[in-house]
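> sequence-free structure coming up:
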């Protein structure tokens, strides 16, 4: 299995919680780990049904919650109501810049940010297990096209290129 470590983490999580690695959960896991892209839950449902898999929307959402809790799938809020999901690989980490204009997601990793987070946690006596860092603003293309509302763009937090929201997951 190409994503063996992630499958083991997911199965261990399920066992700890008295749950089984059902065929539906296996299909869901396999479909998510076939590609590296951000996706909506309904897109995943559509892809699985196209492949002849019998799975309900409720099973997709419940399965995604389990995969998130197991730490092998991440969730990114886009807009006021929507989420995009992505597979995560054990031992890898990245953060996101999310364009408020076109909803493009730019992945990045910055060691200085990670180091600062570690220092902040150590200073507070806090042991972080996971985190999700999202910077919201406007991408180069939207800024060049002048499609950005100047009032919204100027409403940024002083000293930052965009509004940052740090969300921690339990």
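That came through fine. Fair warning: this is a prediction, and the values are worked out from it, not measured in the lab.
> Do you have the strands of the chain handy? List them.
Taking DSSP state E as the criterion, the chain carries its strands at 73-78, 82-87, 95-99, 105-108, 132-137, 163-167.
> Any chance of these in JSON lines with distance to residue 54, mean pLDDT and mean neighbour count as columns?
(Each C-beta comes from the backbone N, C-alpha and C, glycine too.) Shown next, in JSON lines, are these (distance: least, C-beta to C-beta, whole Å; pLDDT from 0 to 100; neighbours: other C-beta atoms under 10 Å):
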{"stretch": "strand 73-78", "distance to residue 54": "21", "mean pLDDT": "83", "mean neighbour count": "19"}
{"stretch": "strand 82-87", "distance to residue 54": "21", "mean pLDDT": "87", "mean neighbour count": "18"}
{"stretch": "strand 95-99", "distance to residue 54": "33", "mean pLDDT": "86", "mean neighbour count": "20"}
{"stretch": "strand 105-108", "distance to residue 54": "31", "mean pLDDT": "85", "mean neighbour count": "13"}
{"stretch": "strand 132-137", "distance to residue 54": "32", "mean pLDDT": "82", "mean neighbour count": "18"}
{"stretch": "strand 163-167", "distance to residue 54": "34", "mean pLDDT": "36", "mean neighbour count": "13"}
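> Next one: residue 113 relative to residue 132, how far apart?
For residue 113, the distance to residue 132 equals 12 Å [C-beta to C-beta, to the nearest Å].
> Kindly report the same for residue 39.
Noted for residue 39: a distance of 17 Å to residue 132, by C-beta to C-beta.
> Check the contact lists of residue 113 and residue 132 and give me the overlap.
Shared contacts of residue 113 and residue 132 (C-beta atoms under 8 Å, 6 or more residues apart in numbering): residue 95.
> do you know how far the closest residue in space to residue 142 that isn't next to it in sequence is from residue 43?
Distance criterion C-beta to C-beta, 6 or more residues apart in numbering; nearest residue to residue 142, sequence neighbours excluded, is residue 101 at 3.3 Å. Using C-beta to C-beta, residue 101 is found at 21 Å from residue 43.
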